[in-house]
Each structure stands twice: as C-alpha cells, then as structure tokens.
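J.: Next comes the sequence, and after it the predicted model I'd like to discuss.
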Amino acid sequence: MSFIYSPPTKVPPQSETVVFVVSSADNDATVKNDIPGVLSMPFAMTISSIRMDVGTAPTGSNLIVDMNWNGSTAMANKFVIEAGELTTADATTAPTLISNSLAAGTKITFDIDQVGATTKGKFIQVTLTGVKS
C-alpha cells in the first residue's frame, strides 16, 4: 500500500458581497438620514468595489446617497446616480471610500441627500464587495 502526500495549497480568499436595500421598490425615495436604521457589520472586510443601483432612474436631477460608518461619512466621493441612469457603474465620478477597511461591528447607515426632481429614484441598493479580513 502506498500513498502520495500533497501539502495543502493556499486557497485564495473568497470574495464576499453585502447588499444593503436603502429604499423600497414600491415608493419614491425621499431625502432622509440614518436609513435603514443602524446595521452592524457582521465581519471585518477589505472592500475592493462599491456600487449603487436603482430600480427606477431619477430624472430632472441626480440621486445622491452618502454611506456612514459609526456616524461619520465613509465616502470621499458619494454615490451619485446621474439623471436617467440606473447605476453608478458608469458614473462620471465614481463613488470612492475614505478607507477600504471595514471593521466588524461597524455601524452602517445611509443618508439620501437628493432623489431626482421630476422622477424620484426607487429601490436603492448599495453593494459592497471584498474579502473578509
């Protein structure tokens, strides 16, 4: 009887995605702070990408959302969905974070600063993608 030993290989870290639903699919978004209340991040994460999407595009003006960590803005450039668009994926100014390190237990809230003038955006979703750290 014989066997071959193969030392364990390092498995690359697995990507994690966290999606926050910031506003309802059924109602127009409204300017409001501390949405949806306080959420606590269940694990530490090194964030590699962020984006915001809506189900209904704002028209007449942009939709602007700020993300807060422990009561202070986490954004160097806020999420801006331009009038007529559904995502920040191709925004003129990409949303950026002040830091890509998110600690476990961080309290996360959102502020909707602007919603669109003619048609208000609906069903705002913010997606964070990264690796548990």
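T.: Yes, it's here.

J.: Which secondary structure elements does the lowest-mean-pLDDT helix or strand in the chain sit against?
T.: Averaged element by element with mean pLDDT, DSSP states H and E, the chain has its least confident helix or strand at strand 32-40 (a mean of 81). Packed against strand 32-40 by the contact rule (3 or more Cβ pairs under 8 Å, 6 or more residues apart in numbering; DSSP states H and E) you find strand 15-21, strand 107-115. The way it works is simple: take the backbone N, C-alpha and C, and place the C-beta from them, glycine included.

J.: ok, and which of these has the densest surroundings?
T.: Across those, averaging neighbours per residue (mean count of other Cβ atoms under 10 Å) puts strand 107-115 on top, at a mean of 19.

J.: other SSEs contacting it?
T.: strand 32-40, strand 63-69.

J.: coming back round to it: could you give the angle of the least confident helix or strand of the chain to strand 107-115?
T.: Angle of strand 32-40 versus strand 107-115, following axes from the mean of the first three to the mean of the last three Cα atoms, to 10 degrees, is 160 degrees.

J.: now strand 32-40, how far from the centre of its chain.
T.: 13 Å (Cα atoms, centre = their mean, to the nearest Å).
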